[in-house]
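[1] Need a 3D model of the sequence below.
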Amino acid sequence: MTQTHIARSLHDEHMTTLALLARLETLLGRHGPAAPPDAAGPPVVSLLRALARAVTADLQPHFAFEETHLFPLLAASGATEMVELLTDEHARLLPCAHTLAACARQGESRGFDPATWAAFHAAGGALAGPLAAHIEKEEMGLLPALEDLLDPETDGRLALVLAESR
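    Numbering: from 1, shown residues only. Take a look at the predicted model:
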């Protein structure tokens, strides 16, 4: 159970992202790479909007907050391997997320033809599993480390920074 404000906030963001990934994986599972869905249908439009928004409004700021405010504290405490691993994963995941967001915006504005759907399907498949695995690493490693590392004053200060960044 998380006690710090930061760990609770990051956990909540992780759960929101996992729920969005589940919606994406459901869509990809229902429609193979050669079978585009009706992009004008309300469930698909809602998902496309959520995906495009999530990258710039959620995922990118989440990664930036961790890298700027949390990873230096963890590295100073000796958790350099964890910091290096998570930073490397951020660097690999963010371009995939931007590609998926661009495909989602294109699908939302023009619908999907076979080529644009195939690109969206590939981008979604390339991001969903690795991002879910990354979240699991953070849940199992990062959040417990923060629980041990953050004193109440630092936790409160960082919680304000996190809130202001949203």
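[2] now the helices: where do they sit in the protein?
    For the chain, helices defined by DSSP state H occupy the ranges 5-30, 42-54, 60-65, 71-76, 80-110, 114-137, 143-149, 152-165.
[3] where's the residue nearest in space to the middle of the chain relative to residue 134, distance?
    Centrality entry for the chain: nearest residue to the mean C-alpha point is residue 59, 4.3 Å, by CA atoms, centre = their mean. Residue 59 is 10 Å from residue 134, where distance means CB to CB, to the nearest Å. No exception for glycine: its C-beta is placed from N, CA and C like everyone else's.
[4] likewise residue 34?
    In this structure, residue 34 and residue 134 are 29 Å apart, going by CB to CB.
[5] Looking at those two, which is more packed in?
    residue 134 (20 against 9; other CB atoms under 10 Å).
[6] measure the more buried one to residue 66 for me?
    Counting by CB to CB, the gap from residue 134 to residue 66 is 11 Å.
[7] shared neighbours, the two?
    86, 90 (CB atoms under 8 Å, 6 or more residues apart in numbering).
[8] that older thread, in this structure the residue nearest to the centre of the chain contacts residue 97, no?
    Yes: the criterion here is CB atoms under 8 Å, and residue 59 meets it with residue 97 at 5.4 Å.
[9] Leaving out the residues flanking it, which one is nearest to residue 89?
    residue 134 (4.9 Å; CB to CB, 6 or more residues apart in numbering).
[10] Then residue 143?
    Take residue 143 and drop its neighbours on the chain: the residue closest to it by CB to CB, 6+ apart is residue 7, 4.6 Å away.
[11] That neighbour against residue 145, yeah?
    No: in this structure, residue 7 is not within contact of residue 145 by CB under 8 Å, at 9.3 Å.
[12] low-scoring stretches of the chain, by residue?
    1-2 (pLDDT under 70).
[13] ok, back up a step: quick one: the residue nearest to residue 89 from residue 63, how far?
    The value you get for residue 134 to residue 63, if CB to CB is used, is 10 Å.
[14] Can you work out which residues contact both of the two?
    90, 93.
[15] ok, how many other residues are close to residue 163?
    10.
[16] I'd like the distance between it and residue 6.
    Using CB to CB, residue 163 is found at 11 Å from residue 6.
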